[in-house]
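> Build me a structure from this.
(one chain, ligands or ions: 1)
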Amino acid sequence: MSSTSTKPVRVRYAPSPTGYLHIGGLRTALYNVFFAKRHGGTFLLRMEDTDQARLVPGAVESLIRTFATLGIVAAEGPYVENDVLSERGAYGPYTQSQRLDVYREHAELLITKGRAYRCFCSPETLDAMRAEAQAAGRPSRYDGRCRTLSKEEQEEKMTAGSHVIRMCVPPIGTISWIDQVRGEISFSAADIDDAVLVKTDGFPTYHLANVVDDHLMEISHVFRAEEWIPSTPKHVLLYQAFGWEPPLFGHLSWLLNADKTKLSKRQGDVAVENYLQRGYLPEALLNFVALLGWNPTADREIFSMDELASLFDISKVNSAGAVVNFEKLDWFNRHYLKALSSEEFARRAAPFLVAADILVPTGTDTWTARETQKTFSLAQLAGVVGLERERISALEELPKALAFAFAPLVHQAAMLCWKGMSAADTVARLEAVRAFLAEQGDVSSATLEAATKEWIAAKGWGNGEVLWPLRVALSGQEKSPGPFEMIAAFGKEESLHRVEAALHVLQK
Ligand code: GLU
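Here you go, the predicted structure:
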């Protein structure tokens, strides 16, 4: 089997929509997208939804929305516009449940060619066959007893009950392909089951639908997860049975936990939607996932999607399992959070403060703090959320970290006093620094800190005596950003107002 293709590049991502996008699914989709871009080909989306038992309502729309958030758009396949799900492209329908006639027709074609047969064995017969094989220490496989039924026997059984259609695997020979990721892979035909192609309910199995669609949709390369390797020899046999040229296959390695076990299946840990909801930026998630098992250069890790597409080489993708280190995702996110302009950071942060009921949107780029009714423009919000930008790994941390900035302060007198200093002395320091600040012109200036410290030294005071109560006065917190950062973010008026409130508590 050849290792290169002369067909125009057409690749697909073909999920069985489960309601969320697994990190591994995103990686598969991305490598297909990169490959298509790199080779001037087409990336399409196909929904493999023939397993009726696993159907999740709304799963297709949800997947497409997640892709859209990530900037992944398929040239063909289902898409959502104005909340309406439609399809585009000349090879549709792209949803397998709408193609049942196509599969039925192709299964019949295989029967005519003698490459598939009807099997009437009952579940009890199959169970007994399995038990017998197990007892004899043989792999449990269908023994092919319905292969040789005569036409009459078949007709008689067809009127009597339901049946499946199975592929007829030749008893000897080797099935092999040059895997684009792993090199040659071979299976002995003797190890391959006469897999079911059409179930008793008339629905196709994955094997039949996948092969028929990849052929009819003129897919040139199939890049999918390692778990499908055992299916591929069956697919290769099906291509042979139909007399079709198979696409080239490449199987992507498992994603692993740090202890090298297979990555958790817990949806919360692996659902891309979950990370987006927690405030991991699309650009960080994409960069992180794209480098699971592949890095185009040895010297850096920050790449745009366009760069990755232009550098993509499927043969360089690592065939060993890729360890997923979520601390690395934090690292990417911190990088991309810092790279945003301060206003863009505020725009991305705002929904998190709104969801936490701290801010209420009151117009384009305007918010009101729910408790204080204070209004924030985009620039003002940028100032405040900027206080935490360097400290957080994900935007979900902002509401807790910044609640104090949007709520009326409740100061505790004891917290305001620096190391054993009396309330009266603390009042004296705070009154003095309030007067000093009130005289300053631009409190956002980078020189305010130096000027204040010079003034403190001239007074013969220690920095802590003044700056601790000032910081607690501004934040109401034991721990918070530094006083000068907060003054710059809040502005002079709000800062003085906070110091006033602290003085009020101390003087009670
Ligand atoms: N429907 C399969 C899945 O859920 C597709 C595998 C393939 O790409 O062939 O992953």
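> could you pull out the helices for the stretch 201-350 of the chain?
206-216, 232-242, 267-270, 272-277, 282-290, 305-311, 326-339, 342-355 (DSSP state H, counting those that start in this stretch).
> Out of those, which gets nearest to the ligand?
Closest to the ligand of the helices of the stretch 201-350 of the chain, according to CB to the nearest ligand atom: helix 206-216, at 5.0 Å. (C-beta placed from N, C-alpha, C; glycine too.)
> Leaving out sequence neighbours, find the closest residue to the residue positioned nearest the centre of the chain.
Closest to where the C-alpha atoms of the chain average out (CA atoms, centre = their mean) is residue 272, at 2.5 Å. In space, and not counting its chain neighbours, residue 272 is closest to residue 21: 4.3 Å by CB to CB, 6 or more residues apart in numbering.
> Please name the residues that touch the one you found.
By CB atoms under 8 Å, 6 or more residues apart in numbering, residue 21 lies in contact with 15, 63, 66-67, 271-273.
> Got the phi and psi for it?
In terms of degrees, to the nearest 10, the main-chain angles of residue 21 are phi -100, psi 120.
> right, and residue 350 touches residue 381 too?
Yes. Assessed by CB atoms under 8 Å, residue 350 is found in contact with residue 381 at 6.5 Å.
> Tell me which of the two has more neighbours.
Remark: of residue 350 and residue 381, residue 381 carries more neighbours, 27 against 23, as counted by other CB atoms under 10 Å.
> related to what we said a few turns ago, minimum distance to residue 52: which of the helices of the stretch 201-350 of the chain has it?
Closest approach to residue 52 among the helices of the stretch 201-350 of the chain (CB to CB): helix 206-216, 12.8 Å.
> Report the mean per-residue pLDDT for the closest one.
Here helix 206-216 scores 98 as its mean pLDDT.
> And for stretch 305-321?
Per-residue pLDDT over stretch 305-321 has a mean of 95.
> Next: stretch 156-172.
Per-residue pLDDT over stretch 156-172 has a mean of 90.
> Sort out which residues of that stretch are buried, please.
Within stretch 156-172, the residues that count as buried by 16 or more other CB atoms under 10 Å are 157, 163-169.
> near the ligand, which residues of the stretch 101-250 of the chain?
Residues of the stretch 101-250 of the chain lying close to the ligand by CB under 6 Å from any ligand atom are 210, 224, 228.
> Just the pLDDT for the last one.
In this case it means residue 228. You'll see residue 228 listed with a pLDDT of 97.
> residue contacts, it?
Residue 228 sits in contact with residue 251, where contact means CB under 8 Å, 6+ apart.
> Residue 23 is in contact with the residue nearest to the centre of the chain, correct?
Yes. Using CB under 8 Å, residue 272 is in contact with residue 23, at 6.1 Å.
> Look up how far residue 481 lies from residue 79.
Distance of residue 79 to residue 481, computed by CB to CB, to the nearest Å: 44 Å.
> Now do the contacts for the closest residue to residue 263 other than its chain neighbours.
Leaving out its chain neighbours, the residue that sits closest to residue 263 by CB to CB, 6+ apart is residue 255, at 4.2 Å. Residue 255 sits next to 23-24, 27, 262-263, 292-293, 321-324 when contact means CB under 8 Å, 6+ apart.
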